[in-house]
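**Student:** Show me the folded form of this:
(one chain, ligands or ions: 1)
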Amino acid sequence: MASISGIFSSSPTLKSQKPLLKPTNSLRRDSFTFPTRSRLFDRSFSLGSTHSVAREISAELSKTDDGVLKEAKKKKGLEKDPRALWDRYVDWFYQHKDLGLFLDVSRVGFTGEFVAEMEPRFQAAFQAMEELEKGAIANPDEGRMVGHYWLRNSQLAPNSFLRSQIDKTLDAVCKFADDVISGKIKPPPSSAEGRFTQILSVGIGGSALGPQFVAEALAPDNPPLKIRFIDNTDPAGIDHQIAQLGSELASTLVIVISKSGGTPETRNGLLEVQKAFREAGLEFAKQGVAVTQENSLLDNTARIEGWLARFPMFDWVGGRTSEMSAVGLLPAALQGIDIREMLSGASLMDEANRITVVRNNPAALLALCWYWASDGIGSKDMVVLPYKDSLLLFSRYLQQLVMESLGKEFDLDGNRVNQGLTVYGNKGSTDQHAYIQQLREGVHNFFATFIEVLRDRPPGHDWELEPGVTCGDYLFGMLQGTRSALYANDRESVTVTVQEVTPRSVGALIALYERAVGIYASLVHINAYHQPGVEAGKKAAGEVLALQKRVLAVLNEASCKEPVEPLTLDEVADRCHAPGDIEMIYKIIAHMAANDRALIAEGSCGSPRSIKVFLGECNVDELYA
Ligand SMILES: O=P(O)(O)OC[C@H]1O[C@H](O)[C@H](O)[C@@H](O)[C@@H]1O
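**Tutor:** This next block holds a predicted model:
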């Protein structure tokens, strides 16, 4: 059994230390050294203050009148002269030679005047990013550092403790994956296979989207372990995944991923999977792996129940930027994906994104385009169109990365701004046969991002399906044609080109968009690293379930009477002392009735005022509970 619990050291988190600290205003961030942990805390907090200098600059700049943007847009339509457009293409063309990645922003109409106007904001954003990477409290509301960039270059981590956490985890992930693939770590002998053949990943949001995207993009045709996902609390969806595994459940490694370790959907998925294991006579603990923060509910459960392995999630890595932590690396490595190459692609991209000249910094160029195209307020949606089947899930992955990061009600100073940038898209050319009609001719509420992959097939496999033309040439033609047709109708677009879909280029793409989001957030002066809005929905869901328990108690009491007393909705609401919640009570009862947990005595759910309801079975014990 692989036990990596040593990785969960008992060191306190930075967050728990914060109240002990005294803010300083030192700006001499480069002169710090960190021989002891207490110095580390001092430093991170003083950098927090330094970070606020960049914030202040950015706050001032964000007050700048955006009249320039409007004026520039009015004056200048999109360039249509082919030679001038070619010049623009070449002038703004970005290439990263080592990564084989190119960025074309020529089909976004920003002007030189606009770029000059934005320059101070970009410089403030670069400064904020530098401070973030050095360990500033860049997520002020949650008092957290933001360290996903350290995951692909641990040397950047602000102290040796964090560095060793990163390195040890990466080594543990690689070793565990090697041992599972080689059969050194096996399922219990009851498995016919004698080795693990399947992964069932249980997680949601940032604990699912990265692993799903990477699996779709990079898993080989015959991976050492195949992967499936439970990323919801939909019972039918869960049953489907378990049914598909069939007898291979005995050789399935279940990876439960949750940073917080308390997300209800993930907990439910785990409970459902554990039930399936019990029913199949299997011992879950021997096949269960947890990826979560130290001492979370999930971590404690896994430790107490003696699961096969546990891997850490760090406080300073957000869910939506966790693909390069154990969250993404463990499932990827188990599928035979070269995770060190992914990390190296991301690291190279990070280096490029540290350049403080906008036109030479690909993430800054993207942020510039987003700002121009959506007026810095998300007035246009970003449609992401990868012309490559394996990148299908990129837009879904970006949806969380971009929308959860940028969709904010308040800016860093508490002003109501209702920021955001809507992302959607599937893939080309498939979408040309679905909604591109509207993009070309309909409501003009978007800009496009084409993701182009130059290599069609592995070398030696191509053939001409008509003289001089391959299947991949069609895909290429469709992309170029759509890009031109949209532009001809004043629809702007960005094109990101990679040579091939490889662990390196996928790592680079993830890093590119992570940084673009961070820079854009600075430009519009918001915190990209928290998600307060998500809590409102979770709280409301909890309230619905609490109300359901009261409804059940009321119905149970009436159903235990002799004779049974069917109740109207008004009666249920009164007895729950919740007359204002009658609509929700109706929905709760309709849901229970559809699942045979409540019986309708009179009327039908289609006519809410007419129904009288009771429970098929009364539970006397509960009456006195
Ligand atoms: O990883 P977990 O703690 O289970 O969280 C899973 C997801 O839940 C939330 O709703 C957050 O908004 C996401 O950012 C997060 O990725």
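
**Student:** for the ligand, what are the nearby residues on the stretch 301-450 of the chain?
**Tutor:** Counting by CB under 6 Å from any ligand atom, the stretch 301-450 of the chain comes close to the ligand at 319-320, 404. From N, CA and C alone the C-beta is placed, and that goes for glycine too.

**Student:** meant to ask about the chain
**Tutor:** Selection of the chain residues close to the ligand by CB under 6 Å from any ligand atom yields 204-207, 258-260, 263, 266, 319-320, 404, 531, 534.

**Student:** Just the buried residues of those.
**Tutor:** 204-207, 258-259, 263, 266, 319-320, 404, 531 (16 or more other CB atoms under 10 Å).

**Student:** okay, the residues you listed in a markdown table with secondary structure and pLDDT next?
**Tutor:** Written out in a markdown table, the entries for these read as follows (DSSP: H, G, I helix; E, B strand; the rest coil; pLDDT from 0 to 100):
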| residue | secondary structure | pLDDT |
| --- | --- | --- |
| Ile204 | coil | 98 |
| Gly205 | helix | 98 |
| Gly206 | helix | 98 |
| Ser207 | helix | 98 |
| Ser258 | strand | 98 |
| Lys259 | coil | 97 |
| Thr263 | coil | 96 |
| Thr266 | helix | 98 |
| Gly319 | helix | 97 |
| Arg320 | helix | 98 |
| Glu404 | helix | 98 |
| Gln531 | coil | 94 |
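
**Student:** Could you list the alpha-carbon positions for stretch 297-315 in CSV?
**Tutor:** Coordinates of each C-alpha in stretch 297-315 appear next as CSV, following Å, rounded to 0.1, in the frame of the first residue of the first chain:
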residue,chain,number,x,y,z
LEU,A,297,-13.4,16.2,6.0
LEU,A,298,-12.3,14.1,3.0
ASP,A,299,-8.7,13.9,4.3
ASN,A,300,-9.8,12.8,7.7
THR,A,301,-12.2,10.2,6.3
ALA,A,302,-9.5,8.8,4.0
ARG,A,303,-7.0,8.6,6.8
ILE,A,304,-9.4,7.0,9.3
GLU,A,305,-10.7,4.5,6.8
GLY,A,306,-7.1,3.7,5.6
TRP,A,307,-7.5,4.5,1.9
LEU,A,308,-4.9,3.4,-0.5
ALA,A,309,-3.3,6.8,-0.8
ARG,A,310,-3.8,10.5,-0.1
PHE,A,311,-2.3,13.4,-2.0
PRO,A,312,-2.4,17.1,-0.9
MET,A,313,-4.1,20.1,-2.3
PHE,A,314,-2.7,23.4,-1.2
ASP,A,315,-4.5,26.3,0.4
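
**Student:** buried ones in it?
**Tutor:** Those would be 298-299, 301-303, 307-315, for stretch 297-315 by 16+ other CB under 10 Å.

**Student:** tell me the two of those residues that are most distant?
**Tutor:** Using CB to CB, the buried residues of stretch 297-315 span at most 24.2 Å, a distance reached by Leu308 and Asp315.

**Student:** quick one, helices of the stretch 401-550 of the chain?
**Tutor:** Ranges of helices within the stretch 401-550 of the chain are 405-406, 436-441, 471-488, 503-523, 532-559, based on DSSP state H, counting those that start in this stretch.

**Student:** what's the following helix or strand after the last one?
**Tutor:** Read that as helix 532-559. In the C-terminal direction, the helix or strand that comes right after helix 532-559 (DSSP states H and E) is strand 567-568.

**Student:** Now do that following strand: which elements does it pack against?
**Tutor:** Packed against strand 567-568 by the contact rule (3 or more CB pairs under 8 Å, 6 or more residues apart in numbering; DSSP states H and E) you find helix 532-559, strand 612-614.

**Student:** My read is that Lys134 contacts Pro158, right?
**Tutor:** Yes - the pair Lys134 and Pro158 qualifies as a contact (CB atoms under 8 Å) at a distance of 6.0 Å.

**Student:** Mind jotting down where the helices sit in the stretch 51-200 of the chain?
**Tutor:** When assigned using DSSP H, counting those that start in this stretch, the helices of the stretch 51-200 of the chain occupy the ranges 67-75, 82-92, 112-133, 160-182.

**Student:** quick one: Leu298 from Glu305, how far?
**Tutor:** Plainly put, Leu298 is 11 Å away from Glu305 if you go by CB to CB, to the nearest Å.

**Student:** Tell me which residues touch Leu200, please.
**Tutor:** By CB atoms under 8 Å, 6 or more residues apart in numbering, the contact list for Leu200 reads 227-230, 241-242, 245, 252-255, 273.

**Student:** And it, how far from the ligand?
**Tutor:** When distance is defined by CB to the nearest ligand atom, to the nearest Å, Leu200 is 16 Å away from the ligand.

**Student:** Kindly report the same for Gly442.
**Tutor:** In this structure, Gly442 and the ligand are 32 Å apart, going by CB to the nearest ligand atom.

**Student:** got the contact list for that residue?
**Tutor:** Applying CB under 8 Å, 6+ apart, we find Gly442 in contact with no residue.

**Student:** Any figure for the gap between it and Phe450?
**Tutor:** Using CB to CB, Gly442 is found at 19 Å from Phe450.

**Student:** Would you enumerate the residues in contact with the residue of the stretch 251-400 of the chain found nearest the ligand?
**Tutor:** Checking the stretch 251-400 of the chain residue by residue against the ligand with CB to the nearest ligand atom singles out Gly319 as nearest, at 2.7 Å. With contacts defined as CB under 8 Å, 6+ apart, Gly319 is in contact with 205-207, 259, 327.

**Student:** Could you dump the residues you listed into JSON lines with distance to Ala333 added?
**Tutor:** As requested, those are exported to JSON lines (distance: CB to CB, whole Å):
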{"residue": "Gly205", "distance to Ala333": "21"}
{"residue": "Gly206", "distance to Ala333": "19"}
{"residue": "Ser207", "distance to Ala333": "17"}
{"residue": "Lys259", "distance to Ala333": "19"}
{"residue": "Val327", "distance to Ala333": "12"}
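
**Student:** Can you pull out the low-pLDDT segments for the protein?
**Tutor:** 1-76, 625 (pLDDT under 70).

**Student:** How far away from the center of its chain is stretch 293-309?
**Tutor:** Taking CA atoms, centre = their mean, to the nearest Å, one finds stretch 293-309 lying 23 Å from the centre of the chain it belongs to.

**Student:** distance between the ends of that stretch?
**Tutor:** 14 Å (CA to CA, to the nearest Å).

**Student:** what does stretch 518-532 give?
**Tutor:** When the termini of stretch 518-532 are compared using CA to CA, they are 17 Å apart.

**Student:** Domain map for this protein?
**Tutor:** 84-134+342-530, 150-337, 533-622 (the TED database).

**Student:** need those in a markdown table with distance to Pro140, can you?
**Tutor:** Converted to a markdown table, these look like this (distance: least, CB to CB, whole Å):
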| stretch | distance to Pro140 |
| --- | --- |
| domain 84-134+342-530 | 6 |
| domain 150-337 | 14 |
| domain 533-622 | 17 |
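
**Student:** Sitting in helices, which of the buried residues of stretch 297-315 do you find?
**Tutor:** Among these, the residues falling in helices (DSSP state H) are 298-299, 301-303.

**Student:** re earlier: could the buried residues of stretch 297-315 go into CSV alongside distance to Val173?
**Tutor:** CSV is the format used below for the buried residues of stretch 297-315 (distance: CB to CB, whole Å):
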residue, distance to Val173
Leu298, 17
Asp299, 16
Thr301, 21
Ala302, 16
Arg303, 18
Trp307, 16
Leu308, 14
Ala309, 10
Arg310, 12
Phe311, 6
Pro312, 10
Met313, 12
Phe314, 13
Asp315, 18
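
**Student:** contacting residues for Glu622?
**Tutor:** Taking CB under 8 Å, 6+ apart as the definition of contact, the neighbours of Glu622 are 553, 556.
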